[in-house]
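# here are the coordinates; sequence isn't available:
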């Protein structure tokens, strides 16, 4: 029989988010589910001690189990994830990114449906995206029903073209399942989280909570944006798609469809640097014929649109 009050390890990996840390930490400490430990990791933030000053205010809180300030930057947020998970004592892990915040019931609502169900490896909810100035909208998979979904089906339906778990702060996962996966994800710069969730989903079901309980902050220093603009995400996404295909989760026809749609939206439309675009076409094995067909399709779309103006 499962534990009805399992310990949750909450990991806050921080890097230069001193201005958001109070809001982040308080949104954790104010959770309605109270059986959790809080691990705070600072990855050598070069902010003149601003992050340290905020973090130290909470050192004596009873939920704090570890506070670690790196003397040297790890070079990867995913290496910080690994460090925190290895320190964790809980049955479940919540990686609460340092610039996000959440509803007080997030932990309770993610945990309740999966306590005692050892088949579930991940539980996650919708996110509300926002900036410092305004609320932007909801983020998460559009065509998914609340409840439990087979992990392989989840990968096929929601992870082949992108990351359905758009923000780590919106999810909890089982530590014992984490121990079964390899650590390839931590060597990625941008898309490591997507590979991380795929590894976990391969080993269990995924539970989706429809309510938007997580607040996912968007700003100029967002890692995802910089990785998209440099081509890092597009290169890593190809590796992940190939992994999914080679594992047999996609047919060849489905694979080719994903390649074309991905190149259209994430390379043809998004990448402006011609040299980078050419490099990415080669990596995605997108030949000249297909490139020309996208250009014709784009030209035809603009012509069609203008004809109605």
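Yes, it's here. All values reported here derive from a predicted model rather than from experimental measurement. Numbers count the residues shown, from 1 in each chain.

# any regions of this structure where pLDDT drops low?
1-2, 220-229, 287-309 (pLDDT under 70).

# and it, what are its domains?
If you go by automatic domain parsing, the domain ranges for the chain are 8-221, 225-306.

# just those domains: most buried one?
Of all these, domain 8-221 has the most neighbours on average by mean count of other C-beta atoms under 10 Å, namely a mean of 18. C-beta here means a position set from N, CA and C on the backbone, and glycine is covered the same way.

# starting at the chain centroid, how far to that one?
Its chain's C-alpha centre and that of domain 8-221 lie 8 Å apart, by C-alpha atoms, centre = their mean, to the nearest Å.

# what's the closest non-adjacent residue to residue 163?
residue 194 (4.0 Å; C-beta to C-beta, 6 or more residues apart in numbering).

# from the contact counts, what lies against the helix or strand that contains the one you found?
According to DSSP states H and E, residue 194 maps onto helix 192-201. With contacts taken as 3 or more C-beta pairs under 8 Å, 6 or more residues apart in numbering; DSSP states H and E, helix 192-201 sits against helix 77-87, strand 120-130, helix 151-154, helix 232-246.

# closest to residue 257 out of those?
Closest of these to residue 257 is helix 232-246, at 11.2 Å (criterion: C-beta to C-beta).

# residues in contact with that closest one?
If you take C-beta atoms under 8 Å, 6 or more residues apart in numbering as the criterion, helix 232-246 is touched by 155-156, 159-160, 162, 188-192, 194-195, 198, 224, 227-228, 250, 252, 255, 258-259, 262, 266-267, 271, 280, 283-284.

# so what strands line up beside the helix or strand harbouring residue 39?
Residue 39 is part of strand 36-42, with elements assigned from DSSP H and E. Sheet pairing of strand 36-42 (DSSP bridges) gives strand 8-14 (parallel), strand 64-69 (parallel).

# of the ones you listed, give the one that comes closest to residue 105.
With C-beta to C-beta as the criterion, residue 105 lies closest to strand 8-14 of the strands paired with strand 36-42, at 13.6 Å.

# let me see the residues that make contact with that closest one.
Contact partners of strand 8-14, identified using C-beta under 8 Å, 6+ apart, comprise 21, 24-25, 28, 33, 35-43, 45, 51, 55, 63, 65, 77, 80-81, 84-85, 87-98, 107, 111, 172, 175.

# at 7 Å instead, please
21, 24-25, 28, 35-43, 45, 51, 77, 80-81, 84-85, 88-90, 92-96, 98, 107, 172 (C-beta atoms under 7 Å, 6 or more residues apart in numbering).

# ditto for stretch 56-72
Here stretch 56-72 makes contact (C-beta under 7 Å, 6+ apart) with 25, 29, 36-44, 52, 55, 87.
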